[in-house]
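*Asks:* Just to be clear, the model below is a prediction. Sequence and coordinates:
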Protein chains: 2
Amino acid sequence: MKFCSDCGARVASAIPPGDHLPRYVCEACGTVHYENPKLIVGCVPEFDGRILLCRRAIEPRLGFWTVPAGFMENGETLQEAAARESREEALAEVEIGSLLTVVHVLHANQVHVFFRARLPTPSFGPAPESLEVELVPHAEIPWSELAFPSTEFTLRRYLEDLASGSQGHHFTEFDRRTAYGARS
Amino acid sequence: MKFCSDCGARVASAIPPGDHLPRYVCEACGTVHYENPKLIVGCVPEFDGRILLCRRAIEPRLGFWTVPAGFMENGETLQEAAARESREEALAEVEIGSLLTVVHVLHANQVHVFFRARLPTPSFGPAPESLEVELVPHAEIPWSELAFPSTEFTLRRYLEDLASGSQGHHFTEFDRRTAYGARS
């Protein structure tokens, strides 16, 4: 951020009175511009023992596999966002189920939230954001070709929970801000 | 948003190519400025059968009671945000527990997330954002003086789960965009 979105003047980095972190503050109108983490929401759609995966047609990670997921929009719930992304990326109408994972991606200022989901009928296909969309048997998940760490974490917890007959939810974090890829 | 935060020129509302929603697009440099829901994170700190409540010293809802909560910052987890807010608003060091509620506040483009929490020692006090901070017995929660619908939803689910010996998590939504205060 270089300019104030309210008045168009230059912003400077400063700690506002009563605050404890530097913010972008407008040098003309004084508006404080806060920056906060963004929500990425997705789901693991299942049909008949297979999982709906999409091969990305866009960067980042073009050509790699994910479950349907994307930025949450204003005016929708997490569950609605997850269903919308399945529609947009895989032309699939899913039924969103229980909370599966919450992944803090600290270096990207993102929180990824994934739900279990049911694909009632095997109707799907590649939307513009996907090169291909497939129902993949559990044993054939392309682990080495997954797009993001949060995709792998989510699919692994999904299968573990299935194997143990549980439906828990799981938190984790990824942090590439340090040389060792973790905070501690 | 009236001006581009990248170049300072005017923005206009337009649907970018390949998109489906109007966004603020810069008329000079073409940058698309997305607006997404913000995360508010808090907890219900308990000590010896009492809950730590804060009376707000700031707007909105000055003078009303809440649990410690506030905007999530970049670079922290949800649990870290909840613990930080307890520190900032109630000078309390809490241990964050299980996920309690997720509240979609659709008219404000916010997602509120609350955790259970433990206050190991009864050490707390009013920080600048709070008029007073108190450990309140369950039977004395000031229901008619709570600050926000998400505060009431969270405390009610907390007490219900305590009574039933469970530790579930609960989703709900509030929507004041329509005349009837709900979408459907």
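*Replies:* In hand now; what should we look at? Numbering: from 1, shown residues only, chains lettered A, B, ... in the order given.
*Asks:* who touches the spatially most central residue of chain A in this structure?
*Replies:* Most central residue of chain A, judged by C-alpha distance to the mean C-alpha position with CA atoms, centre = their mean, is A:I40 at 3.1 Å. By CB atoms under 8 Å, 6 or more residues apart in numbering or on different chains, the contact set of A:I40 is A:A69, A:G70, A:F71, A:M72, A:V105, A:Q110, A:V111, A:H112, A:V113, A:S150. Quick note: C-beta positions are derived from backbone N, CA and C, even for glycine.
*Asks:* Need the buried ones from those residues selected in PyMOL.
*Replies:* Of the contacts of A:I40, the buried ones go into a single PyMOL selection, burial set by 16 or more other CB atoms under 10 Å in any protein chain shown:
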select buried, chain A and resi 69+70+72+105+110+111+112+113+150
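*Asks:* Sitting in strands, which of the contacts of A:I40 do you find?
*Replies:* The subset of these located in strands under the criterion DSSP state E comprises A:A69, A:G70, A:F71, A:V105, A:Q110, A:V111, A:H112, A:V113.
*Asks:* Go back to those and keep what's next to chain B.
*Replies:* Of the entries in the ones in strands among the contacts of A:I40, the ones placed beside chain B under the rule of CB under 8 Å from any CB of the partner chain are A:F71, A:V111.
*Asks:* all helices of chain A, in order?
*Replies:* In chain A, the helices defined using DSSP state H lie at A:78-90, A:149-164.
*Asks:* Output the ones in strands among the contacts of A:I40 in JSON lines; the columns should cover pLDDT.
*Replies:* As requested, the ones in strands among the contacts of A:I40 are exported to JSON lines (pLDDT from 0 to 100):
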{"residue": "A:A69", "pLDDT": "98"}
{"residue": "A:G70", "pLDDT": "97"}
{"residue": "A:F71", "pLDDT": "97"}
{"residue": "A:V105", "pLDDT": "97"}
{"residue": "A:Q110", "pLDDT": "98"}
{"residue": "A:V111", "pLDDT": "98"}
{"residue": "A:H112", "pLDDT": "98"}
{"residue": "A:V113", "pLDDT": "98"}
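*Asks:* possible to save the ones in strands among the contacts of A:I40 as a markdown table with distance to B:L21?
*Replies:* Below are the ones in strands among the contacts of A:I40 laid out as a markdown table (distance: CB to CB, whole Å):
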| residue | distance to B:L21 |
| --- | --- |
| A:A69 | 17 |
| A:G70 | 12 |
| A:F71 | 11 |
| A:V105 | 24 |
| A:Q110 | 20 |
| A:V111 | 21 |
| A:H112 | 21 |
| A:V113 | 20 |
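*Asks:* Which pLDDT value belongs to the residue lying farthest from the centre of chain A?
*Replies:* If you look at how far each residue of chain A sits from its centre, by CA atoms, centre = their mean, the farthest one is A:A28, at 36.3 Å. Note on A:A28: pLDDT of 94.
*Asks:* Excluding chain neighbours, what is closest to it?
*Replies:* Setting aside the residues directly before and after it, A:A28 is nearest to A:A9 in space (CB to CB, 6 or more residues apart in numbering or on different chains), at 3.4 Å.
*Asks:* ok, the one you found to A:G42 distance?
*Replies:* Look at A:A9 and A:G42: by CB to CB, to the nearest Å, they are 39 Å apart.
*Asks:* just the strands in chain A please.
*Replies:* The residue ranges that make up the strands of chain A, judged by DSSP E, are A:11-14, A:23-26, A:32-33, A:38-47, A:50-56, A:65-66, A:69-71, A:95-105, A:110-118, A:130-137, A:170-174.
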